[in-house]
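Participant: Got a predicted structure plus its sequence, pasted below:
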Amino acid sequence: MKRNVLLGITGGIAAYKSAYLVRELRKKNFNVKVIMSPYAKEFVSPMTFETLSGNRVYIGWEEEPLAHIKLARWADIFLIAPCTVNTLSKLACGIADNLLLTTALAHDRPILIAPAANTVMYKNPAVQENIKRLKGMGHIIVEPERGVLACEEVGEGKLADTERLIDWIFYSLEDKPLRGKRVLITCGATREYIDPVRFISNDASGEMGFSLARIARWWGADVKVIAGFTTAKEPPEVELIKTLSVEEMHRAVMDNLGWAQLIIMNAAVSDFVPKETATRKIKKRESLTLELIKGKDILKDLGKRKGNRFLVGFALETDNLIENAKRKLLDKNLDMIVANPTGAIGRGGEYEGVVITKTAEERISARTKMEGARKILKLVCDNISL
């Protein structure tokens, strides 16, 4: 089902970025309607947004006297991006001197507000007090980013990028079954170096772990991700802890164990590590024998120390998928395990797996890993009692 996004655009130089936002929202199957403040059209032509959204652009009441009521009721999400400090301050004070502001007053749900301004203006105590006031009303402030601003000064004030804005839209649309829960997720591949340039690793991209992190955040959780080497796009708005080796990941996981309530171990961790690592590059030769030893078993160590935490593992198998996964579930004291065939690693596209607990198993299939992550987390939520 298509959801309806009402986009408010105010009169700042960042208004041009909203054109890219409308295009990406349409690609993601959202209906989009745009309200422009009277001054916003001095920066970008309304025709640009009419063309990209496929809908008329609203600026005033000339053609529709009850536009503010109809648009407010139509919207599933109301996002103002960019929001100037002028509009932000008027919102905080309940001022309604144009269609955009009047629609905001008629909208009875939280509004996403993405400020864009010069750093000094944004940090002005009056503006910060108004931001605090808007948060107190239940509205969500999508914090601006740091960078080179239109005035060529460097600082905080850039409009949040398109990916962050869309992520906040999804956050706002989702139910919150994990509200207030602390979720720790590992993902990606570990690397065990043979010499300064060569290493043992695997094809894990981190896509599933990052997808789980996105959805857990959308569902209200506080999320930390401990990542090895990854090639997938990192999720916004979650804490990311980068690691490289099994040893580093083990240390990071144990350091954060006390914080976590739900732990999802999706990382593809090396089972074996070199007994010794050469300090200089190994020169080419006819043959080379490596002696490998067993690396730290992070999942088993967690199973021993988990307490009342809910622990989820992943199993990647070439043979006897269900049997081996069930053995791992018991051996490592897990609450749930997700069994995957080897084709799942590092591969985008369709996803297949089996979610197993001590009392049940359920096969899942999905068109994407994001959809697969959603189904896995739904089953987690059905089983946890944190």
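Facilitator: Here it is on my side, so go on.

Participant: can you give me the strands for the stretch 251-386 of the chain?
Facilitator: Using DSSP state E, counting those that start in this stretch, the strands found in the stretch 251-386 of the chain span residues 262-265, 272-274, 292-294, 310-317, 336-341, 351-356, 361-366.

Participant: Now do the longest one: which elements does it pack against?
Facilitator: For strand 310-317, the contact count by 3 or more CB pairs under 8 Å, 6 or more residues apart in numbering; DSSP states H and E identifies strand 262-265, helix 298-305, helix 321-331, strand 336-341, helix 369-383 as packing neighbours. For glycine as for every other residue, the C-beta is placed from the backbone atoms N, C-alpha and C.

Participant: Which stretch among those is buried most, on average?
Facilitator: Of the helices and strands packed on strand 310-317, the one with the most neighbours on average (mean count of other CB atoms under 10 Å) is strand 262-265, at a mean of 25.

Participant: May I have the phi/psi pair for the residue of the chain most remote from its centre?
Facilitator: Relative to the centre of the chain, the most outlying C-alpha is that of Glu286, 47.3 Å out, by CA atoms, centre = their mean. Its backbone dihedrals place Glu286 at phi -70, psi -40, with angles given as degrees, to the nearest 10.

Participant: now do Val154
Facilitator: The phi/psi pair for Val154 (degrees, to the nearest 10) reads phi -110, psi 130.

Participant: ok, it - contacts?
Facilitator: By CB atoms under 8 Å, 6 or more residues apart in numbering, the residues touching Val154 are Arg146, Gly147, Val148.

Participant: Of all the helices and strands packed on strand 310-317, which one is nearest Ala232?
Facilitator: Of all the helices and strands packed on strand 310-317, the one in closest proximity to Ala232, counting by CB to CB, is helix 369-383 (8.6 Å).

Participant: Contacts for the closest one, please.
Facilitator: With CB under 8 Å, 6+ apart as the test, helix 369-383 has contacts from 177-178, 207-208, 211-212, 214-216, 219, 262, 264, 310, 312, 335-336, 338, 348, 351-353, 355, 357, 362, 364-366.

Participant: redo that, cut-off 7 Å
Facilitator: 177-178, 207-208, 211-212, 215-216, 219, 312, 335-336, 338, 348, 351, 353, 355, 357, 362, 364, 366 (CB atoms under 7 Å, 6 or more residues apart in numbering).

Participant: now swap in stretch 10-28 and tell me
Facilitator: Counting by CB under 7 Å, 6+ apart, residues outside stretch 10-28 touching it are 5, 7, 9, 32, 34, 37, 39-40, 42-44, 48-49, 52-53, 80-84, 87, 100, 116, 150, 159, 162, 165-166.
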